[in-house]
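Trainee: Sequence below, structure please.
(one chain, ligands or ions: 1)
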Amino acid sequence: MSKNVRVRFAPSPTGPLHIGGVRTALFNYLFAKKHNGTFVLRIEDTDQNRYVEGAEKYIVDALNWCNIPFDEGPGKNEKFGPYKQSERKHLYKQYAEQLIVSDNAYYAFDTAETLDAKRKEYEANKQTFIYNWHNRLELSNSLSLSAEEVQAKLDNGDDYVIRFKSPQDQTLRLKDIIRGDIKIDTNVLDDKVLFKSDGMPTYHLANIVDDHLMEISHVIRGEEWLPSLALHMQLYTAFGWEAPEFAHLPLILKPTGKGKLSKRDGDKLGFPVFPLEYTSPDGDVSKGYKEEGYFADAVINFLAFLGWNPGTEQEIFNLDELIEAFDLKNVSKSGGKFSPDKIKWFNHHYMQEQSDDELAEAFQANRSELKSIDTSYIAMVVALVKERATFVNDFWDLSSFFFVAPESFDEKASKKAFKDETKDLMTQLVSIVSAIEDFEVETLQTEIKGWITGNDIGFGKVMMPLRLALVGALQGPDVFDIMYMIGKAETVKRIEKVISVL
Ligand code: GLU
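Mentor: Numbers count the residues shown, from 1 in each chain. Purely as a prediction, here's the structure:
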């Protein structure tokens, strides 16, 4: 890539960043890093009505947790700053006026009531009202009114908007890296509002002006912005600026059925749609991947595959490998289905990659019962059970018996394991176990198995009640590992407890 790559993630702080937004940020990040470029964060907060307190901090925290921090943005390397549109407010008016001077835009004074009445009139005729070349001369604007009338309205302080003057009878040829060539007939486009008399630009104007001023080379954003591409390209032409290249990412689809993934799907199927837990200003709490026990690596690996694939069978990619492999050419046009099971599968994988010590620390922080237990012991337990865990949260259920004796014995298992001869066998076992000096896994195995085979007892008759004694259920890792871990005294105690209930 010959030009200097500068991409931006440009969320509006209207609430917590949705997992789809994280995917957009990730693809921008990967593209930037792949081409030694810069990943910019710009906060698009021109719509003050939809501004949500705390949303900006949430966005920054989420990117940091995902390990995809921005290079430039609010409070960081502010070369092209400020990076918040509300702080750039003074910049936009001159650009809107420039478009009026070049006859690419015009003032419009129509009131909300007039426009509403027009809309209804069209609807009554089964038509859609589009404000553009075919009716703009019948409306109240600087194209239909005389220069004096316009000036009088402006002097009078009448409310106005500045609209883009969309051309008639033209075919626009647009390019998208993912979608190829797109043809648009300008006759279907409306004269979009660029600026309002309250001094605020709309998304379209601010977005184009900022992408230009911030020297953005590639715009990578969600498919929902594809309909804006025609206007954006026309704005670049009208300003006489070189346009960035565009790539519109496919939608993220619901796990089942049709349509875009929504927060409601998450609520219904019980999975988070946000990277971090979020408490709304009115106190509603939404689950986050982080708090639910997902590893950032797993979330990122999973998100990378929503709409992209490397063209090979490989599924496991750490962040560096993703940067290496990422190519916008391998992003598909069709939507990627969100699979809650797949993200768990990734989490299970990344869990196995973590060291036992790291996991032990997380496990210890998670359970008060483990506070005073030696971390190296917890790490040994983790090594024995992590294969069967997806989350650190699963550890306790899989391993509590390494720390505390079972309080009861699973009923169904007891029926299966406790037979007439069990009491006698367990009593013999206590003496065998008590006599073992060298309390190691191998010795335990040799002694106990030797006793079973030597006396023709049958493995199940001993191993089942023994497992119940140690675990409380017919589950868990190898019994000899458990005995070794909890030690001789505790092993004997647990077998004696079984004897006492028989
Ligand atoms: N502010 C827009 C959003 O919320 C940005 C769209 C774009 O990237 O152009 O997604």
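
Trainee: can you list contacts of stretch 379-386?
Mentor: Applying Cβ atoms under 8 Å, 6 or more residues apart in numbering, the external contacts of stretch 379-386 come out as 351-352, 356-357, 359-360, 363, 395, 398-399, 402-403, 476-477, 481, 485. Any C-beta I mention is one placed from the backbone N, CA and C, and that applies to glycine too.

Trainee: Buried among those residues? Need that as a selection in ChimeraX.
Mentor: Of the contacts of stretch 379-386, the buried ones go into a single ChimeraX selection, burial set by 16 or more other Cβ atoms under 10 Å:
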select :351,356,359,360,363,395,398,399,402,403,476,477,481,485
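
Trainee: Next step: the contacts of stretch 379-386 restricted to helices.
Mentor: Where these overlap with helices, as defined by DSSP state H, the overlap consists of 351-352, 356-357, 359-360, 363, 395, 398-399, 481, 485.

Trainee: Which single one of those is nearest to T443?
Mentor: Nearest to T443 out of those is D481 (Cβ to Cβ; 13.0 Å).

Trainee: OK, contacts around the closest one?
Mentor: Contact partners of D481, counting by Cβ under 8 Å, 6+ apart, are 384, 441.

Trainee: A117: how many residues sit nearby?
Mentor: 13 (other Cβ atoms under 10 Å).

Trainee: rewinding a little: now, among the contacts of stretch 379-386, which is nearest to the ligand?
Mentor: M351 (32.8 Å; Cβ to the nearest ligand atom).

Trainee: pretty sure that closest one is in contact with L359, am I right?
Mentor: Yes. M351 lies in contact with L359 (Cβ atoms under 8 Å); the separation is 7.2 Å.

Trainee: Apart from its neighbours in sequence, what residue is nearest E324?
Mentor: K34 (7.4 Å; Cβ to Cβ, 6 or more residues apart in numbering).

Trainee: can you give me how far stretch 242-257 is from the chain middle?
Mentor: Here the centre of mass of C-alpha atoms in stretch 242-257, compared against the chain's by Cα atoms, centre = their mean, to the nearest Å, lies 15 Å away.

Trainee: Check which residues of that stretch are buried.
Mentor: Under the neighbour-count criterion of 16+ other Cβ under 10 Å, stretch 242-257 has 243-244, 246-255 buried.

Trainee: now check that stretch, is it near the ligand?
Mentor: No. Applying Cβ under 6 Å from any ligand atom, one finds that stretch 242-257 is not in contact with the ligand, the shortest distance being 9.4 Å.

Trainee: start to end distance for that stretch?
Mentor: Using Cα to Cα, to the nearest Å, the gap from the first to the last residue of stretch 242-257 comes to 41 Å.

Trainee: From the contact counts, what lies against the worst-scoring helix or strand of the chain on mean pLDDT?
Mentor: Using mean pLDDT, DSSP states H and E, helix 263-269 stands out as the lowest-scoring helix or strand of the chain, at a mean of 86. Packing contacts for helix 263-269, counted by 3 or more Cβ pairs under 8 Å, 6 or more residues apart in numbering; DSSP states H and E, involve no helix or strand.

Trainee: Go through that helix and flag the buried ones.
Mentor: 265-266.

Trainee: And the contacts of it?
Mentor: The contact list for helix 263-269 (Cβ under 8 Å, 6+ apart) reads 18, 254-255, 272-273, 286-287, 338, 340.

Trainee: cool, and stretch 222-240?
Mentor: 20, 24, 95, 98-99, 102, 104-105, 164, 166-167, 172, 174, 176, 179, 182, 184, 186, 189, 192, 204-205, 207-208, 212, 242-243, 246, 248-251, 335.

Trainee: Quickly note the distance from G75 to the ligand.
Mentor: For G75, the distance to the ligand under the criterion Cβ to the nearest ligand atom, to the nearest Å works out to 19 Å.

Trainee: Show the average pLDDT along stretch 439-457.
Mentor: In this model, stretch 439-457 has an average pLDDT of 97.

Trainee: If you could redo that for stretch 186-201, that was the one I meant.
Mentor: Confidence for stretch 186-201, expressed as mean pLDDT, is 95.

Trainee: And the ligand, is that stretch touching that?
Mentor: No. Residues of stretch 186-201 are not located near the ligand by Cβ under 6 Å from any ligand atom, the shortest gap being 12.1 Å.

Trainee: strand partners of the helix or strand following the least confident helix or strand of the chain, parallel vs antiparallel please.
Mentor: Secondary structure here is assigned by DSSP states H and E; on that basis, the next helix or strand after helix 263-269 toward the C-terminus is strand 278-279. Pairing partners of strand 278-279, with direction, according to DSSP bridges: strand 285-286 (antiparallel).

Trainee: from the chain's centre, how far out does the strand it pairs with sit?
Mentor: Using Cα atoms, centre = their mean, we find the averaged C-alpha position of strand 285-286 to lie 15 Å away from the chain's own average C-alpha position.

Trainee: ditto for stretch 102-113
Mentor: Centre to centre, stretch against its chain (Cα atoms, centre = their mean), the figure for stretch 102-113 is 40 Å.

Trainee: what distance separates the start and the end of that stretch?
Mentor: End-to-end distance for stretch 102-113: 30 Å, by Cα to Cα.

Trainee: buried ones in it?
Mentor: Along stretch 102-113, the positions that meet the burial threshold by neighbour count (16+ other Cβ under 10 Å) are 104-110.

Trainee: got the residues you listed as JSON lines, with secondary structure, distance to K423 and pLDDT columns?
Mentor: What follows is these, written out as JSON lines (DSSP: H, G, I helix; E, B strand; the rest coil; distance: Cβ to Cβ, whole Å; pLDDT from 0 to 100):
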{"residue": "N104", "secondary structure": "coil", "distance to K423": "94", "pLDDT": "98"}
{"residue": "A105", "secondary structure": "strand", "distance to K423": "93", "pLDDT": "98"}
{"residue": "Y106", "secondary structure": "strand", "distance to K423": "96", "pLDDT": "98"}
{"residue": "Y107", "secondary structure": "strand", "distance to K423": "96", "pLDDT": "98"}
{"residue": "A108", "secondary structure": "strand", "distance to K423": "93", "pLDDT": "98"}
{"residue": "F109", "secondary structure": "coil", "distance to K423": "96", "pLDDT": "98"}
{"residue": "D110", "secondary structure": "coil", "distance to K423": "93", "pLDDT": "97"}
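
Trainee: could the residues you listed be laid out in JSON lines, adding distance to the ligand?
Mentor: Below are the buried residues of stretch 102-113 laid out as JSON lines (distance: Cβ to the nearest ligand atom, whole Å):
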{"residue": "N104", "distance to the ligand": "20"}
{"residue": "A105", "distance to the ligand": "20"}
{"residue": "Y106", "distance to the ligand": "24"}
{"residue": "Y107", "distance to the ligand": "25"}
{"residue": "A108", "distance to the ligand": "24"}
{"residue": "F109", "distance to the ligand": "28"}
{"residue": "D110", "distance to the ligand": "26"}
